[in-house]
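A.B. asks: let's see this in three dimensions:
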Amino acid sequence: MSILFLIVAILCMFLVVALYIWGSDSGKPSKLSYILFGLTVAIWTSFLTGVFTLFPDRLANVMWGISWIGILILGFIAFLYEFKNNKAYAFSALIICFINGSFYMFAKFISSM
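C.D. replies: Next up is the predicted model:
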């Protein structure tokens, strides 16, 4: 299962890079896309470094859920907003949103076992 997730993540990264290289139709993304990408990096960094383990269990669970679901909602809003202006950034925001969402669901599934 984890190998399949890794393959999908790598393919999505290649798609995001291809969209940035070949699909830049109107220039810069909006500030909302920059916020989405910055928050995604911050959440992944805090997850991989173990910042969530520094808090008590209840607070860490609330922060975990709110942060990942917030990124999902923000990614979908960024997709809708960017779709009018620049489709390459819109689809890359959607792909990042789906990667984060699938990882969140995968982690919730694993932790509930």
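
A.B. asks: check contacts around the residue sitting furthest away from the middle of the chain.
C.D. replies: Ranking residues of the chain by C-alpha distance from their mean position (Cα atoms, centre = their mean) puts Pro56 at the top, at 24.9 Å. With contacts defined as Cβ atoms under 8 Å, 6 or more residues apart in numbering, Pro56 is in contact with no residue. All C-beta atoms are positioned from the backbone trio N, CA, C, and that covers glycine.

A.B. asks: burial measure for Gly101, as a count.
C.D. replies: Other residues lying near Gly101 total 16 when counted by other Cβ atoms under 10 Å.

A.B. asks: please state the offset of the helix or strand hosting it from the chain centre?
C.D. replies: Per DSSP states H and E, Gly101 falls inside helix 87-111. Distance, stretch centre to chain centre, for helix 87-111: 5 Å (Cα atoms, centre = their mean, to the nearest Å).

A.B. asks: ok, the nearest residue to Ala78 once chain neighbours are set aside to Leu80 distance?
C.D. replies: Distance criterion Cβ to Cβ, 6 or more residues apart in numbering; nearest residue to Ala78, sequence neighbours excluded, is Ala93 at 4.2 Å. Distance of Ala93 to Leu80, given as Cβ to Cβ, to the nearest Å: 9 Å.
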